[in-house]
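>>> pasting the structure only:
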Ligand SMILES: Nc1ncnc2c1ncn2[C@@H]1O[C@H](COP(=O)(O)OP(=O)(O)OP(=O)(O)O)[C@@H](O)[C@H]1O
Ligand SMILES: [Mg+2]
């Protein structure tokens, strides 16, 4: 285990914001420019009481490995819907999604669950931590779901070390036994980030990760995401209402009337 002061990503917590221990295997530089996510002609509508609401009406989108992409758009424009489709939490009506060269929009439920557990990390505005579990257990929960009871038990020491390392990176070493209702919003979101990273995902999907936080705490969360992106080459797709946040992304796309409008220069977002 690294010493806390050498590993935290959180300035002013247990260490400096600029130094930490890598939690991912190093990537070859040749892989850095590849397309990681590719979306073509995606459509999705919802039906309620015999009324069909068309939400996504032909979305095209490309996200490169190592990129931060921001998705903006008015409330109800379909940002969360799109993120859920990218995360295989839901299926499109038509169109295609490729993840790292593999088509993922038409996988069987078991294959989708496997892909999501192995390769996709997700964080949400309201954290979605399990209230009855401690922070440590919350961070470990994806592995508990992913592995058989026997495999998890066999690997438990390694998993626990990793979870502690991630909690340390998030400046939460002093909160591992706390339950979510004993934490602040920023602490809960940092725990949710640690949980999203436990299975070493290839992409992090973030749905308004700062939407429930004050400006300073939201800034801390963004800084963590930015460091993870820069240092670990973690690809991040982030939904946000906040154009100031979107301007910090490499690429900004706006959902308008069910389609993507790319804002080429993110500073114009
Ligand atoms: N399960 C559902 N059943 C019916 N309609 C839905 C469902 N989920 C979303 N919708 C509708 O789809 C549209 C897009 O919803 P979505 O949550 O993707 O918007 P959003 O851009 O994320 O909005 P916000 O910024 O408010 O979070 C909305 O009109 C919403 O009411
Ligand atoms: Mg939403």
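Structure's in. What do you need? Model, not experiment: these values are computed from the prediction. Ligands and ions are numbered 1, 2, ... in the order given.
>>> Got the confidence number for residue 172?
With respect to pLDDT, residue 172 scores 96.
>>> Please tell me I have it right and it contacts residue 193.
No. Using C-beta atoms under 8 Å, residue 172 makes no contact with residue 193, being 9.8 Å away. Just so you know, the C-beta spots here come from the backbone N, C-alpha and C atoms, and that holds for glycine as well.
>>> Please list all residues in contact with the residue nearest to residue 59 when sequence neighbours are not counted.
Leaving aside its sequence neighbours, residue 59 sits nearest to residue 42 (C-beta to C-beta, 6 or more residues apart in numbering; 4.2 Å). Residue 42 makes contact with 56, 58-61, 82, 85, 92, 94-97, 105, according to C-beta atoms under 8 Å, 6 or more residues apart in numbering.
>>> Can you turn the buried part of those into a PyMOL selection?
Only the buried entries of the contacts of residue 42 go into this PyMOL selection, using 16 or more other C-beta atoms under 10 Å:
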select buried, resi 56+59+61+82+85+92+95+97+105
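>>> Can you tell me the element the closest residue in space to residue 147 that isn't next to it in sequence falls in?
Once flanking residues are discounted, residue 147 sits nearest to residue 155: 7.0 Å by C-beta to C-beta, 6+ apart. Assessed by DSSP states H and E, residue 155 sits inside helix 149-169.
>>> and that helix, what does it pack onto?
helix 4-7, helix 135-146, helix 185-197 (3 or more C-beta pairs under 8 Å, 6 or more residues apart in numbering; DSSP states H and E).
>>> Turn those helices into JSON lines, columns for distance to ligand 1.
Formatted as JSON lines, the helices and strands packed on helix 149-169 follow (distance: least, C-beta to the nearest ligand atom, whole Å):
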{"stretch": "helix 4-7", "distance to ligand 1": "34"}
{"stretch": "helix 135-146", "distance to ligand 1": "23"}
{"stretch": "helix 185-197", "distance to ligand 1": "17"}
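>>> Need the winner for burial among those.
helix 185-197 (a mean of 25; mean count of other C-beta atoms under 10 Å).
>>> What's the first helix or strand after it?
Taking DSSP H and E, what comes next after helix 185-197 is strand 203-207.
>>> now that following strand, how far from the centre of its chain.
2 Å (C-alpha atoms, centre = their mean, to the nearest Å).
>>> Can you name the residues bridging to the residue nearest to residue 80 when sequence neighbours are not counted?
Leaving aside its sequence neighbours, residue 80 sits nearest to residue 207 (C-beta to C-beta, 6+ apart; 5.5 Å). With DSSP bridges as the criterion, residue 207 is bridged to residue 124, residue 239.
>>> neighbours of residue 207, just the number please.
By other C-beta atoms under 10 Å, the residues close to residue 207 number 22.
>>> in which helix or strand would I find the residue nearest to residue 46 when sequence neighbours are not counted?
In this structure, residue 46 finds its nearest non-sequential neighbour in residue 53, 4.9 Å apart by C-beta to C-beta, 6+ apart. Using DSSP H and E, residue 53 sits in strand 51-64.
>>> Would you confirm that residue 117 belongs to a strand?
No. Residue 117: not assigned to a strand; according to DSSP: H, G, I helix; E, B strand; the rest coil it is helix.
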